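K.L.:
Pasting a predicted model and its sequence here:
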Amino acid sequence: MFSIPGKQAVTITDRAAAQIRRLMQRDGHQGLRIGVKKGGCAGMEYTMDFADSVDPNDEVVEQDGARVMIAPMAQMFLFGTEIDYQTALLESGFKFNNPNVTDSCGCGESIKFKDVEELAAEQTKA
């Protein structure tokens with residue numbers, strides 16, 4: 001598991017916390033599990049799923065009644081990310097402001113990260 005003592009892996013805006021809390025209360029889930037997987041034109045995609053239990057290897061971030069679990073393989077890629085929830089005229093959804101992303105595709109659905117060695121070096125300096 002990747003973590004830096006005393007520092008949360010991700011931050012959650014008030015809007016995102018409110019939306020996660022609403023979804024947890026409405027559907028009775030334990031929280032939202034986020035991760036990354038290979039796919040899309042830029043190489044990687046975010047994943048988001050409701051979680052009914054907390055995996056002991058998940059990094060858990062809680063704020064104002066909202067709980068986000070970060071899958072173990074995604075922790076290094078998501079470290080430092082701000083999760084927001086935005087509502088616009090045509091769409092609403094969670095947005096990831098991730099400092100580890102070096103490129104994204106035109107549709108905004110897939111991302112490319114810094115090299116793993118570069119990520120590890122930067123994050124151990126923090």
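P.N.:
Alright, I've got the coordinates. In this text, all values refer to a predicted model and were calculated from it rather than measured experimentally.
K.L.:
The residue nearest to residue 100 when sequence neighbours are not counted: neighbour count?
P.N.:
Closest residue to residue 100 apart from its sequence neighbours, by Cβ to Cβ, 6 or more residues apart in numbering: residue 113 at 5.2 Å. Placement of C-beta: from N, CA and C, glycine included. Using other Cβ atoms under 10 Å, residue 113 has 19 other residues around it.
K.L.:
try residue 102
P.N.:
Residue 102 is flanked by 12 other residues according to other Cβ under 10 Å.
K.L.:
got a pLDDT number for it?
P.N.:
Looking at residue 102, its pLDDT reads 82.
K.L.:
Regarding it, what are the backbone dihedral angles?
P.N.:
Here is the backbone geometry of residue 102 (degrees, to the nearest 10): phi -100, psi -20.
K.L.:
was I right about it contacting residue 113?
P.N.:
Yes. Residue 102 lies in contact with residue 113 (Cβ atoms under 8 Å); the separation is 6.5 Å.
K.L.:
Spit out the contact partners of the residue nearest to residue 100.
P.N.:
Listed by Cβ atoms under 8 Å, 6 or more residues apart in numbering, the contact set of residue 113 reads 36, 43, 44, 77, 100, 101, 102, 119.
K.L.:
Distance-wise, check it relative to residue 79.
P.N.:
Using Cβ to Cβ, to the nearest Å, residue 113 is found at 11 Å from residue 79.
K.L.:
Also residue 99?
P.N.:
9 Å.
K.L.:
hang on, the earlier thing: from the contacts of residue 113, keep the buried residues only.
P.N.:
Burial by neighbour count, judged by 16 or more other Cβ atoms under 10 Å, picks out 36, 44, 77, 100, 101, 119 from the contacts of residue 113.
K.L.:
What pLDDT does the model give the residue lying closest to residue 101 once chain neighbours are set aside?
P.N.:
Excluding its sequence neighbours, the residue lying closest to residue 101 (Cβ to Cβ, 6+ apart) is residue 111, at 4.7 Å. We note a pLDDT of 72 for residue 111 in this prediction.
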